[in-house]
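Quick one: sequence and predicted model below, then my questions.
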Amino acid sequence: MFIVLFGPPGSGKGTQAHRLVRHLRIPHLSTGEMLRDAKRQGSALGLTAASFMDHGRLVPDDLVVGVVSERLSSPDCQGGCLFDGFPRTVEQARLLDDELARRQSQVGLVINLCVETTELERRMRDRQKNEHRVDDTPETIRRRMRVFHAQTAPVLSYYETRQLVVSIDGQGGMDAVYERICAAVEQQRGSAPVN
Ligand code: AMP
């Protein structure tokens, strides 16, 4: 199944995604991680992407979708994958639909991680101290939140019209959140319990 893990910066998408893909045995497609890798490798794409990422702006749709499309062509993605941090614009969501349709497939579930703003800000400040990401400075955190509300939040409405969204309370302990996510996946798959 192709699953989209959706949520604002600091909602815990990365942490939950790493655990979920291990269990579901599907690839983890984090566009943030893929773009950071490209930046580390110093490729032309990485350098262009960095000029947006480092300032808390979205990398242009065509670049991001190009990276995703290439990854989706790998044999390990044929049965599904978990998208983390993608799609981040309605245009990306449309282009993803096209990509998957070409592969006779479609998005099967969108998990919307809901976390209150004050909690998001606290988590981002903690991450800034612990991970030292260049895009976790107070100014870029504020911009990323603005970008999320302006450009990414509409993606949820796009999927809601197709009844693909399950909203999950993303607050509380990591284990409790993970259990809620697993219950949503389990319900969608109509299969054996996910541990
Ligand atoms: P993340 O690790 O998901 O928080 O992403 C870090 C940064 O990478 C974002 O703030 C954007 O600059 C860029 N990025 C990641 N995914 C996307 C995407 N789907 N579209 C545009 N930019 C992205």
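Thanks, I have the structure now.

Just want the phi and psi numbers for Gly170.
phi -90, psi 10 (degrees, to the nearest 10).

ok, the residue lying closest to Pro27 once chain neighbours are set aside - how many residues close by?
Distances taken as Cβ to Cβ, 6 or more residues apart in numbering place Cys81 nearest to Pro27, at 4.4 Å, with adjacent residues excluded. Where C-beta positions appear, they are placed from N, C-alpha and C, glycine not excepted. Other residues within reach of Cys81, judged by other Cβ atoms under 10 Å, total 22.

pLDDT on the helix or strand harbouring Asp98, on average?
Using DSSP states H and E, Asp98 sits in helix 90-102. Averaged across helix 90-102, pLDDT comes to 97.

Kindly export the helix or strand Gln187 falls within (C-alpha atoms) in CSV.
Per DSSP H and E, Gln187 falls inside helix 174-189. Extracted C-alpha coordinates of helix 174-189, given in CSV (Å, rounded to 0.1, in the frame of the first residue of the first chain):
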residue,chain,number,x,y,z
MET,A,174,5.9,8.0,21.0
ASP,A,175,4.6,4.4,21.7
ALA,A,176,1.0,5.6,22.2
VAL,A,177,1.1,7.6,18.9
TYR,A,178,2.7,4.6,17.1
GLU,A,179,-0.1,2.3,18.4
ARG,A,180,-2.7,4.8,17.0
ILE,A,181,-1.0,4.8,13.7
CYS,A,182,-0.8,1.1,13.5
ALA,A,183,-4.5,0.8,14.3
ALA,A,184,-5.3,3.1,11.4
VAL,A,185,-3.1,1.1,9.0
GLU,A,186,-4.6,-2.2,10.3
GLN,A,187,-8.1,-0.9,9.7
GLN,A,188,-7.2,0.1,6.2
ARG,A,189,-5.5,-3.1,5.4
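
Show the contacting residues for the residue in the chain that the ligand sits nearest to.
At 2.0 Å from the ligand, Gly32 is the closest residue in the chain, using Cβ to the nearest ligand atom. Residues counted as contacts of Gly32 (Cβ atoms under 8 Å, 6 or more residues apart in numbering) are Gly14, Met53, Asp84, Gly85.

just to revisit the earlier point, do you know the pLDDT at the residue nearest to Pro27?
98.

same thing with Pro193?
44.

again, but for Glu131
79.

what number of residues lie near it?
For Glu131, the neighbour count with other Cβ under 10 Å is 8.
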